[in-house]
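Participant: I need the structure of the sequence given here:
(2 chains)
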Amino acid sequence: MKLATWNVNSIKVRLPQLLDWLATAQPDALCLQELKCEEPKFPRAELEAAGYLSAVSGQKTYNGVAILARSTPADAVAGIPGFADEQKRVLTATVDGMRVVCVYCPNGQAVGSDKYEYKLRWFAALREYLAAELQRHPRLAVAGDFNVAPEDRDVHDPKAWEGQVHVSEPERAAWRALVALGLKDSFRLFEQPEKTFSWWDYRMMGFRRNAGLRIDHVLLSDSLAQACMASTIDKAPRKLERPSDHAPVLAELTPPH
DNA sequence: ATGGCTACGATCCGTAGA
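Facilitator: Reported below is the predicted structural model:
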């Protein structure tokens, strides 16, 4: 089974590319971020016609997350229970006996800003939630835009980025605290080409220069990690006209016994 | 030179992303 995540940066603008990508990549489950779309306007029918049912937590202009799957994502829960937040950044549902948490982690804007403090508080709440969810669901996947580049090798120019938001030590510590729950970065389970990234700035010809960051991730609990056969980043959609600034990240798992 | 795109909702620019 193929599990994927993609920050589409507007479901409305990217729908044609999304439909093409679903037909080509054929994921069994797909986590989407930055829908920028309220639930009533979510293109449910178009996706269903393409063979995908959806759970959606939408928001106008900002944020918004969804989980697509071949059958209805079950037992969907929006948000982090007990963490009051207007921003629609988290959606959890069960797909093929696997608990899938779709996350759009805060950007943080700048180290020391209010949004940065919110990012760190948000990660602490996510950690508590995932700890509890892991107890209930040993087969757990957390997929999405984490807005953290875990290590310097996930950064095109570590010197230029040193100490900046997305790579600062408190953010990386928050990432490691998630991993310490017993979650594996699926991408790093395998040998990977150097300078593989999942996001490139629209400006300064970021993609042409491969000036990117690896900030989109699929984390897998131990039992899922054991079943993981491959993890890749598909740069093809980033090459299209009017692309999202993020590329899809995939993890391929052998079916459960 | 700290900018440069892109999307959105409201205009004819501001906010936000990363």
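
Participant: helices of chain A, residue ranges please.
Facilitator: Along chain A, counting by DSSP state H, helices occupy A:11-25, A:44-49, A:114-136, A:158-161, A:169-179, A:222-226.

Participant: what about the shortest one, distance to the chain center?
Facilitator: Yep, that's helix A:158-161 we're talking about. 23 Å (C-alpha atoms, centre = their mean, to the nearest Å).

Participant: likewise for the last one?
Facilitator: From the chain centre to the centre of helix A:222-226 is a distance of 18 Å (C-alpha atoms, centre = their mean).

Participant: same check on the first one?
Facilitator: With C-alpha atoms, centre = their mean as the basis, the distance from the averaged C-alpha position of helix A:11-25 to the chain average is 16 Å.

Participant: for that helix, packing partners?
Facilitator: Judged by 3 or more C-beta pairs under 8 Å, 6 or more residues apart in numbering; DSSP states H and E, the packing partners of helix A:11-25 are strand A:2-7, strand A:29-33, helix A:44-49. Any C-beta I mention is one placed from the backbone N, CA and C, and that applies to glycine too.

Participant: give me whichever of those is most buried.
Facilitator: Of all the helices and strands packed on helix A:11-25, strand A:29-33 has the most neighbours on average by mean count of other C-beta atoms under 10 Å, namely a mean of 29.

Participant: that one pairs with which strands, parallel or anti?
Facilitator: Strand A:29-33 has its sheet partners listed here by DSSP bridges as strand A:2-7 (parallel), strand A:65-69 (antiparallel).

Participant: so which bits of chain A are right by DNA strand B?
Facilitator: Contacts of chain A with DNA strand B, taken as C-beta under 7 Å from any atom of the strand, map to A:7, A:9-10, A:12-13, A:34, A:36-37, A:60-62, A:106-107, A:109, A:115, A:145, A:147, A:165-166, A:199, A:201-204, A:213, A:215, A:242, A:245-246.

Participant: ok, back up a step: now render the helices and strands packed on helix A:11-25 as JSON lines, adding mean pLDDT and distance to residue A:193.
Facilitator: JSON lines is the format used below for the helices and strands packed on helix A:11-25 (pLDDT from 0 to 100; distance: least, C-beta to C-beta, whole Å):
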{"stretch": "strand A:2-7", "mean pLDDT": "98", "distance to residue A:193": "19"}
{"stretch": "strand A:29-33", "mean pLDDT": "98", "distance to residue A:193": "23"}
{"stretch": "helix A:44-49", "mean pLDDT": "98", "distance to residue A:193": "31"}
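
Participant: so which of these is nearest residue A:156?
Facilitator: strand A:2-7 (17.9 Å; C-beta to C-beta).

Participant: next, the angle helix A:11-25 makes with the closest one.
Facilitator: 150 degrees (axes from the mean of the first three to the mean of the last three C-alpha atoms, to 10 degrees).

Participant: could I have the CA atoms of strand A:2-7 written out in PDB?
Facilitator: Only the C-alpha atoms of strand A:2-7 are listed here, as PDB (Å, rounded to 0.1, in the frame of the first residue of the first chain):
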ATOM      1  CA  LYS A   2       1.100   3.500  -0.900                       C
ATOM      2  CA  LEU A   3       0.800   6.300   1.700                       C
ATOM      3  CA  ALA A   4       1.600   9.800   0.500                       C
ATOM      4  CA  THR A   5       1.400  13.400   1.700                       C
ATOM      5  CA  TRP A   6       1.300  16.600  -0.400                       C
ATOM      6  CA  ASN A   7       1.000  20.200   0.500                       C
END
